[in-house]
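> Sequence first, predicted coordinates after that:
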Amino acid sequence: MDMNIQKMVNAIKKDMQLGKDPVMLKEQWLMQKMMMDLEEPEKVNPEIASPADIYARLKQDNPVEAKLVEYKKNLRLLHARTDETLTIVFSPADSLIIVRTGSALQMSLNGMTHTVHMIRYRGIADIAHWMARQIRRYDAYMQQWEEYCTAAAKKLKTQHMAALAIKAYVDDALRECENVTYCVVQQSRRAKISVKFEKSNLGVNLYAFYGSYKKRLPDMLTELKLLIDTHNKINIKTFFTKAV
């Protein structure tokens, strides 16, 4: 899997683990995809394209795509007043909002501040053609996003099943051990096994990685049981305390 795709899948998986809604991550990713499709200008154009001029050019060159664009005047958006606003309505969930602010065009997905990009030195035709491309490519973007989410969910399920298997190993190994409590916590790439010796200030943490636990965990648990047995046989239960 490509490294960038892997990073995105892991980011989505992390949000799923934390119970977060990955909408913000999707918005940031989608905005980045669209900005990467904005071609660099051949030469510096100091003129700032106005939303009205961009909309007129879009209707002229791409009338089908222009039907998904709304042009409005005198709105308040992102806590700032603007005279003109272009909104590309990709779907009920996603809209790209374009306003002119100072010496640049400000673009944001769904009006969210975490997606804001400032565009300078682009001519009217460049922006209009870019808008038409994003309208045509939006479905492909979202299909790619769905593939990322599916891969993340599959990976999370695989890790969850591995964590359950690790817990079963631990339960079976420590079933007859006395004077210990333990818990198994699922982490990103491994399961953490925390063992506490009762009536003692000692404990131990073991880490079982999902890709290698079948080979390494049995030996780790054998050594752990030996440590528990040794600890139960000695009279000293408190360690590493300062002398009074």
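Nice, thanks for sending it over.
> so Cys85 sits in a helix?
To be clear, residue 85 is Thr; Cys isn't right here. No. Under DSSP: H, G, I helix; E, B strand; the rest coil, Thr85 sits outside any helix and is assigned strand.
> Specify the beta-bridge partners of it.
Counting by DSSP bridges, Thr85 is bridged to Lys72, Val99.
> What is the burial count for it?
Thr85: 18 surrounding residues under other CB atoms under 10 Å. C-beta: built from backbone N, CA, C; applies to glycine.
> try Ala132
For Ala132, using other CB under 10 Å, the count is 21.
> same check, this time on Arg137
14.
> Name the SS class of the closest residue to Ser103 other than its chain neighbours, please.
Among residues not flanking Ser103 along the chain, Ile48 sits closest, at 6.1 Å (CB to CB, 6 or more residues apart in numbering). What three-state DSSP gives for Ile48 is coil.
> from what I can see Ile48 touches Leu105, true?
Yes. Look at Ile48 against Leu105 with CB atoms under 8 Å: they come within range, at 7.0 Å.
> between those two, who's got more neighbours?
Per other CB under 10 Å, whichever of Ile48 and Leu105 has more neighbours is Leu105, with 21 against 18.
> Quickly find the element holding that one.
strand 104-109 (DSSP states H and E).
> Pairing partners for the helix or strand following that strand, with directions?
Counting by DSSP H and E, the next helix or strand C-terminal to strand 104-109 is strand 117-119. Within its sheet, strand 117-119 is paired with strand 104-109 (antiparallel), according to DSSP bridges.
> if we look at the partner strand, which residues are touching it?
With contact meaning CB atoms under 8 Å, 6 or more residues apart in numbering, strand 104-109 is reached by 27, 30-31, 35, 48-49, 51, 78, 94-100, 115-120, 122, 127.
> What of stretch 177-189?
10, 13-14, 17, 159-160, 163, 166-167, 170, 174, 191-199, 209-210, 225, 228-229, 231-232.
> lowest average confidence, helix or strand, in this protein?
One helix or strand of the chain scores below all others by mean pLDDT, DSSP states H and E: strand 69-77, with a mean of 75.
> one step back: give me the buried entries from the contacts of stretch 177-189.
Using 16 or more other CB atoms under 10 Å as the burial test, the contacts of stretch 177-189 include 13, 159, 163, 166-167, 170, 174, 191, 193, 195, 197, 210, 228, 231 as buried.
> of those, closest to Pro41?
Using CB to CB, Lys13 comes nearest to Pro41 of these, at 37.8 Å.
> nearest spatial neighbour of the closest one, skipping sequence neighbours?
Spatially, and ignoring its direct neighbours in sequence, Lys13 is nearest to Ala152 (4.1 Å; CB to CB, 6+ apart).
> Tell me what angle the helix or strand where the one you found lies forms with strand 104-109.
In this structure, Ala152 sits in helix 124-174 according to DSSP H and E. Using axes from the mean of the first three to the mean of the last three CA atoms, to 10 degrees, the direction of helix 124-174 lies 40 degrees away from that of strand 104-109.
> Whichever helix or strand comes after helix 124-174 pairs with which strands?
Counting by DSSP H and E, the element after helix 124-174 in chain order, helix or strand, is strand 180-186. According to DSSP bridges, strand 180-186 forms sheet pairs with strand 190-197 (antiparallel).
> then the partner strand to CSV, C-alphas only?
What follows is strand 190-197, C-alpha atoms only, in CSV (Å, rounded to 0.1, in the frame of the first residue of the first chain):
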residue,chain,number,x,y,z
ARG,A,190,-0.1,-4.2,19.8
ALA,A,191,-2.0,-5.2,23.0
LYS,A,192,-0.7,-4.1,26.3
ILE,A,193,-0.9,-6.7,29.1
SER,A,194,-0.7,-5.1,32.5
VAL,A,195,-0.1,-7.5,35.5
LYS,A,196,-0.3,-6.4,39.1
PHE,A,197,1.0,-8.5,42.0
